[in-house]
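Asks: Turn this into a model:
(4 chains)
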There are 2 protein chains.
Amino acid sequence: MTDLKTKSEKTRARLLTAASRIFAEKGYQDATIAEICEQAQANIAAVNYHFGDKQTLYLEAWRHAFNHELGQHPPDGGVSRQASAEQRLAGRIKSMIRRVADDDSYSFAIIHKEMAQPTRLLADILEKEINPQRQQMFGLLRECLGQDASEQQLQYCHASIMGQCFQLLRLKQMQQARPQRALPSDMSDIGAFAEHVVDFSLAGIRAIRSQTLPKRIQA
Amino acid sequence: MTDLKTKSEKTRARLLTAASRIFAEKGYQDATIAEICEQAQANIAAVNYHFGDKQTLYLEAWRHAFNHELGQHPPDGGVSRQASAEQRLAGRIKSMIRRVADDDSYSFAIIHKEMAQPTRLLADILEKEINPQRQQMFGLLRECLGQDASEQQLQYCHASIMGQCFQLLRLKQMQQARPQRALPSDMSDIGAFAEHVVDFSLAGIRAIRSQTLPKRIQA
DNA sequence: TGCTTTGTTAAACGTGTATTTGAATTTCCA
DNA sequence: TGGAAATTCAAATACACGTTTAACAAAGCA
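Replies: Numbers count the residues shown, from 1 in each chain, chains lettered A, B, ... in the order given. Sure, this is the predicted structure:
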């Protein structure tokens, strides 16, 4: 990335990475400044010096993680703009699943915890950064569902897809939270699950689409 | 339910309902004994007298809520045992969505928070109570997917369905967490969303099923 | 070099909250 | 009714954790 000249910037960067990891693991409330500073090899007062307070660190850590992960896994999934809408949607889904599953990705885990227990701290920045992504997904869904699809059908299909992505996150976290226990689901093969979500969702979308055109020919 | 004779049992019951509501709203960590006792019109020491500690109250409150909600919304969704596997699966999905959406249901919200931030307190009881439900769902899925479906396909389809149910929970909580903001999704019509999940999922399942039988006739 | 700014450190402070305590009160039952 | 058991109560205790402070060190710059 950008090279860090001063010592302070190094400490600041270490705090950000440690914070995003720990916030993702424990959530805002359960994460302690002491532990973050320990992992970042910084003094207990470093957070307040560099960020003012815990809330600001939380915000900056999420932004830091989110931008980094978008760079690692571009949202189009490497699918060409010329490809069909279904192919581009498939690319987007796979990219998102990669971001969710990546062990070095924390922004989804933080979002997940934030949704479960809203601190209201991330609300603004989260909406601002995520809305563009959501709008692109909506555009693709509109293409796949056809002109006659209602706004509600669009939202429902979006919910179905996002729900599956977050489910992967939940299963992943459950899995690593208890090493010994009998696993409810084996999510080790991320690629296979991504393919499943694509197949499952495209079939679902086609079914919804065929409901809108009452009884015409469906090629 | 069972009639409560002594005053203590009444207090105990009030604590349980207040606790399940507040744990569902705030999660284990953010819920304070003080607030629970206040809502239950009990003294601050009542929790420790009746349950020993906060952890035990948490456990009992979840069990209390879960059993009550299973009674309110039977898992078969009112569909006859003689109905087709797809119909019975549809009933199960709709019942679960009703349980998720019900404003007086707290066990799903607690599970959701527990999964986002495992306290490990619920792990045992949760697995014990939920496993039967999961197994029944697996049985129905096995029927719908056909004999040739792999264990992995089964788990993936289960994840797809559960993910959609939890997504409803997330959207519902986001919605009531911020009254003024532009809504990302309108989930006010629960019945319509339940129908969507059923249609979407059955189409997905049929698609997965048709993959297993390479090229046979699909009636 | 000497001065200022920036960054680090250990210790102290204050608040929030689970838990404990012992006395006061109510309920139960012979 | 009277005494024992159960329950409620206000206050005290203990502890975890975010934040502040003031002294100290390093870096930047004239």
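Asks: domains of chain A?
Replies: A:1-54, A:73-212 (automatic domain parsing).
Asks: So the longest one, near DNA strand C or not?
Replies: Just to be clear, that refers to domain A:73-212. No - applying CB under 7 Å from any atom of the strand, one finds domain A:73-212 separated from DNA strand C by no less than 13.2 Å. Heads up, the C-betas are built off the backbone N, CA and C, glycines and all.
Asks: and the end-to-end length of that domain?
Replies: When the termini of domain A:73-212 are compared using CA to CA, to the nearest Å, they are 34 Å apart.
Asks: Compute the distance from the centre of it to the centre of its chain.
Replies: Centre-to-centre, domain A:73-212 and its host chain are 8 Å apart (CA atoms, centre = their mean, to the nearest Å).
Asks: so which of the domains of chain A comes closest to residue B:123?
Replies: Nearest to residue B:123, of all these, is domain A:73-212, at 6.8 Å by CB to CB.
Asks: picking that back up, got a markdown table for the domains of chain A, with mean pLDDT too?
Replies: Formatted as a markdown table, these follow (pLDDT from 0 to 100):
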| stretch | mean pLDDT |
| --- | --- |
| domain A:1-54 | 87 |
| domain A:73-212 | 93 |
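Asks: Now render those domains as a markdown table, adding distance to residue B:116.
Replies: Below are the domains of chain A laid out as a markdown table (distance: least, CB to CB, whole Å):
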| stretch | distance to residue B:116 |
| --- | --- |
| domain A:1-54 | 7 |
| domain A:73-212 | 4 |
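Asks: Could you dump those domains into CSV and include mean neighbour count?
Replies: Converted to CSV, the domains of chain A look like this (neighbours: other CB atoms under 10 Å in any protein chain shown):
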stretch, mean neighbour count
domain A:1-54, 17
domain A:73-212, 18
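Asks: now those domains in a markdown table, with distance to chain B?
Replies: Output for the domains of chain A, formatted as a markdown table (distance: least, CB to the nearest CB, whole Å):
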| stretch | distance to chain B |
| --- | --- |
| domain A:1-54 | 5 |
| domain A:73-212 | 3 |
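Asks: Quick one: residues contacting residue A:204.
Replies: Contact analysis of residue A:204 by CB atoms under 8 Å, 6 or more residues apart in numbering or on different chains lists A:157, A:160, B:199, B:200, B:201, B:203, B:204.
Asks: which stretch of helix or strand covers the last one?
Replies: Meaning residue B:204. Using DSSP states H and E, residue B:204 sits within helix B:190-212.
Asks: That helix versus helix A:190-212: what angle between them?
Replies: With axes from the mean of the first three to the mean of the last three CA atoms, to 10 degrees as the basis, helix B:190-212 and helix A:190-212 are set at 120 degrees to each other.
Asks: what's near enough to touch residue A:35?
Replies: Contacts for residue A:35 (CB under 8 Å, 6+ apart) come out as residue A:22.
Asks: how close does it get to residue A:105?
Replies: Distance from residue A:35 to residue A:105, counting by CB to CB, to the nearest Å: 20 Å.
Asks: With respect to residue B:109, which of the domains of chain A lies nearest?
Replies: For the domains of chain A, distance to residue B:109 was read as CB to CB. The smallest value, 8.7 Å, belongs to domain A:73-212.
Asks: close to DNA strand D, is that closest one?
Replies: No - for domain A:73-212, no contact with DNA strand D is found by CB under 7 Å from any atom of the strand; the gap never falls below 11.1 Å.
Asks: Ramachandran coordinates for the residue nearest to the spatial centre of chain A?
Replies: Using CA atoms, centre = their mean, the residue of chain A that lies closest to the mean C-alpha position is residue A:108, 3.5 Å off. Here is the backbone geometry of residue A:108 (degrees, to the nearest 10): phi -70, psi -40.
Asks: so what's it closest to, chain neighbours aside?
Replies: Leaving aside its sequence neighbours, residue A:108 sits nearest to residue A:100 (CB to CB, 6 or more residues apart in numbering or on different chains; 4.9 Å).
Asks: Surely the one you found and residue A:107 touch.
Replies: No - Residue A:100 lies out of contact with residue A:107 (CB atoms under 8 Å); the separation is 9.6 Å.
Asks: Next, show the common contact partners of these two.
Replies: Between them, residue A:100 and residue A:107 share no contacting residue under CB under 8 Å, 6+ apart.
Asks: Secondary structure element for the residue nearest to residue A:108, which one?
Replies: Here residue A:100 sits within helix A:85-101, counting by DSSP H and E.
Asks: likewise residue A:160?
Replies: Here residue A:160 is assigned to helix A:151-177, by DSSP H and E.
Asks: just the angle between that helix and helix B:190-212, please?
Replies: Between the axes of helix A:151-177 and helix B:190-212, defined by the same axes, to 10 degrees, the angle is 70 degrees.
Asks: And helix A:151-177, what does it pack against?
Replies: Judged by 3 or more CB pairs under 8 Å, 6 or more residues apart in numbering or on different chains; DSSP states H and E, helix A:151-177 is in contact with helix A:85-101, helix A:107-116, helix A:123-145, helix A:190-212, helix B:107-116, helix B:151-177, helix B:190-212.
Asks: what's the closest of the ones you listed to residue B:22?
Replies: helix B:107-116 (10.3 Å).
Asks: residues making contact with the closest one?
Replies: The contact list for helix B:107-116, computed with CB under 8 Å, 6+ apart, reads A:27, A:112-113, A:115-117, A:170, A:173-174, B:20, B:23-25, B:27-28, B:61-62, B:65-66, B:69, B:99-100, B:122, B:126, B:130, B:166, B:169-170, B:173.
Asks: Relative to residue B:93, which of the contacts of residue A:204 is nearest.
Replies: Residue B:93 lies nearest to residue B:201 out of the contacts of residue A:204, by CB to CB, at 6.7 Å.
Asks: what's the closest non-adjacent residue to the closest one?
Replies: In this structure, residue B:201 finds its nearest non-sequential neighbour in residue B:161, 5.3 Å apart by CB to CB, 6+ apart.
Asks: Throw the contacts of residue A:204 into TSV and include distance to residue A:209, thanks.
Replies: Below are the contacts of residue A:204 laid out as TSV (distance: CB to CB, whole Å):
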residue	distance to residue A:209
A:157	9
A:160	13
B:199	11
B:200	11
B:201	16
B:203	10
B:204	14
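Asks: so which of these comes closest to DNA strand C?
Replies: Distances from those to DNA strand C were compared by CB to the nearest atom of the strand; the smallest belongs to residue A:160, at 36.9 Å.
Asks: Test my guess that that closest one contacts residue B:197.
Replies: Yes - counting by CB under 8 Å, residue A:160 does reach residue B:197; the two are 6.9 Å apart.
Asks: list the residues that contact both of the two?
Replies: Residues touching both residue A:160 and residue B:197 by CB under 8 Å, 6+ apart: residue B:164.
Asks: just to revisit the earlier point, who's in contact with the residue nearest to residue B:201?
Replies: By CB under 8 Å, 6+ apart, residue B:161 lies in contact with B:93, B:137, B:197, B:201.
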